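Colleague: Sharing a sequence plus its predicted fold:
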Amino acid sequence: MFNYLICISPLGFMYGSAGAFLSPENLVGRSGAKFPPEAATLSGLFFSVNQVQKIWNQEKLSHDLYIAGPFWGKTDNPEYFYVPIPWTKIIAENESSEWEFKNDKWHCDNSQLTPDYQWQRINSWNYAAEHIRGNSYAEKVPWKFIPVLHPHLKNDERCTFKIDDNTKGGLFLEHSVHLDSEYCLVYLSTKALPDGWYKFGGENHVVEINSFKLPDDSPILELLRQPIEDKFALITPGVWGSNRISHRQPQAEDHSFPETVQMLTDKPVPYRFRSQGTLGRGRYAVPAGSVYVLKEPINKPWWEWDEKWFPNEGYSLKKLGCGLCLPVEIEGVN
């Protein structure tokens, strides 16, 4: 089970990717922008640091390291970090609503309500939407995108190109991200990274990293140990299927994963990661917050799910926290 929190505080700006797939919108705007960095980014940092510092046996690290995220929290209390709100709960500034089952169909008394909040404190996971709203357990993201226009640099010099007939000049746009200093990014991990300053994410912006050991009686671990029955919500994106075809649920040849009978979700999100220096094929993920209702219960926490339920591209995506989920209660579903 995860037993460490990895807390990342930017020392200045961080990089905000303009999306996992190129498009005209991504080249000139912020369409599909991704932040915070995926768990794969932190996993790669572990291996890079280990190559230099030789903290662990590299093969054992590859076997034992599991990372899940991204989440975020307050720097003075990172244990109660924020996770995506399940799609069954709609929380706006002055009111809230919840989806339920009526006559074997999804029903919401106020389905037109637009949510103002997408994140909630993890220790409020089992609370009703109105209780979360009334007690300020829901929050908006503490970061904002800031466009930074850079001149194109020479390949071998930190000098800008002079635009004339013989040289190619130009500018490129970086979508930097400013994270409020009272907050930090949070990831779950089975290993602790030595505290210090590191280059993290795109453009190698410098961050401060601190690792915190979770006590065995931590309410967070107790929540993660709860078995998933026939209803759950993702708190990290779920990537299912082969490396060529994306699906909405795990695909096992023996059909051991129960059939999904109902879902509440949004459009898929782009997902890519590097493995051994190679950029993997672009995939689509079921977004965090998606809610599943299964035909049969699983009766196991995510940590005990069968490894074959997760895609493997030379590196199991379970090690990157793929589809980490928590049980939910839905009115009308036994």
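Modeller: Perfect, I can see it now. Numbers count the residues shown, from 1 in each chain.

Colleague: C-alpha only now, for contacts and for neighbours.
Modeller: Noted.

Colleague: mind listing the helices in the protein by residue range?
Modeller: Taking DSSP state H as the criterion, the chain carries its helices at 24-28, 39-53, 58-64, 129-134, 219-224.

Colleague: Can you tell me which of these is most buried?
Modeller: Highest mean neighbour count among the helices of the chain (mean count of other C-alpha atoms under 10 Å): helix 129-134, with a mean of 18.

Colleague: Send over it as CSV, restricted to the C-alpha atoms.
Modeller: C-alpha atoms of helix 129-134 as CSV (Å, rounded to 0.1, in the frame of the first residue of the first chain):
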residue,chain,number,x,y,z
ALA,A,129,-22.7,17.2,-1.4
GLU,A,130,-24.5,19.8,0.8
HIS,A,131,-22.4,18.9,3.8
ILE,A,132,-19.2,19.3,1.8
ARG,A,133,-20.4,22.7,0.4
GLY,A,134,-21.7,24.0,3.8
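
Colleague: Residues in contact with that helix: which ones?
Modeller: For helix 129-134, contacts defined as C-alpha atoms under 8 Å, 6 or more residues apart in numbering pick out 89-93, 95-98, 120, 124, 138.

Colleague: So what's the gap between that helix and the chain middle?
Modeller: With C-alpha atoms, centre = their mean, to the nearest Å as the basis, helix 129-134 stands 24 Å off its chain's centre.

Colleague: The chain should start at 858 in everything you say after this.
Modeller: Done: numbering now begins at 858, and the last item shifts to helix 986-991.

Colleague: model confidence over it, on average?
Modeller: For helix 986-991, mean pLDDT is 97.

Colleague: cool, and stretch 963-971?
Modeller: 94.

Colleague: For it, buried residues please.
Modeller: By 16 or more other C-alpha atoms under 10 Å, the buried positions in stretch 963-971 come out as residue 965.

Colleague: quick one on the thing from earlier: can you say which of the contacts of helix 986-991 are buried?
Modeller: Buried members of the contacts of helix 986-991, counted by 16+ other C-alpha under 10 Å: 946-949, 952-955, 977, 981, 995.

Colleague: Which ones among the contacts of helix 986-991 map onto strands?
Modeller: 946-948, 953-955, 977, 995 (DSSP state E).

Colleague: Out of those residues, which comes closest to residue 1148?
Modeller: The nearest member of the ones in strands among the contacts of helix 986-991 to residue 1148, counting by C-alpha to C-alpha, is residue 946 at 10.3 Å.

Colleague: residues in contact with that closest one?
Modeller: 953-956, 985-986.

Colleague: Double-check residue 981 against residue 994; I have them as touching.
Modeller: Yes. Assessed by C-alpha atoms under 8 Å, residue 981 is found in contact with residue 994 at 6.8 Å.

Colleague: Pull out the buried positions in stretch 1054-1069.
Modeller: 1055, 1057-1058, 1062-1069.

Colleague: Also stretch 1091-1104?
Modeller: Buried residues in stretch 1091-1104, counting neighbours by 16+ other C-alpha under 10 Å, are found at 1091-1098, 1103-1104.

Colleague: Show me those residues that map onto strands.
Modeller: Using DSSP E, the buried residues of stretch 1091-1104 in strands are 1091, 1097-1098, 1103-1104.

Colleague: mind listing the strands for the stretch 908-1057 of the chain?
Modeller: Assigned by DSSP state E, counting those that start in this stretch, the strands in the stretch 908-1057 of the chain fall at 924-931, 934-941, 946-948, 953-955, 957-959, 962-964, 976-978, 995-996, 1000-1008, 1028-1036, 1040-1046, 1053-1057.

Colleague: Using a markdown table, lay out these together with distance to residue 1149.
Modeller: Output for the strands of the stretch 908-1057 of the chain, formatted as a markdown table (distance: least, C-alpha to C-alpha, whole Å):
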| stretch | distance to residue 1149 |
| --- | --- |
| strand 924-931 | 19 |
| strand 934-941 | 15 |
| strand 946-948 | 14 |
| strand 953-955 | 15 |
| strand 957-959 | 13 |
| strand 962-964 | 12 |
| strand 976-978 | 18 |
| strand 995-996 | 22 |
| strand 1000-1008 | 29 |
| strand 1028-1036 | 32 |
| strand 1040-1046 | 23 |
| strand 1053-1057 | 33 |
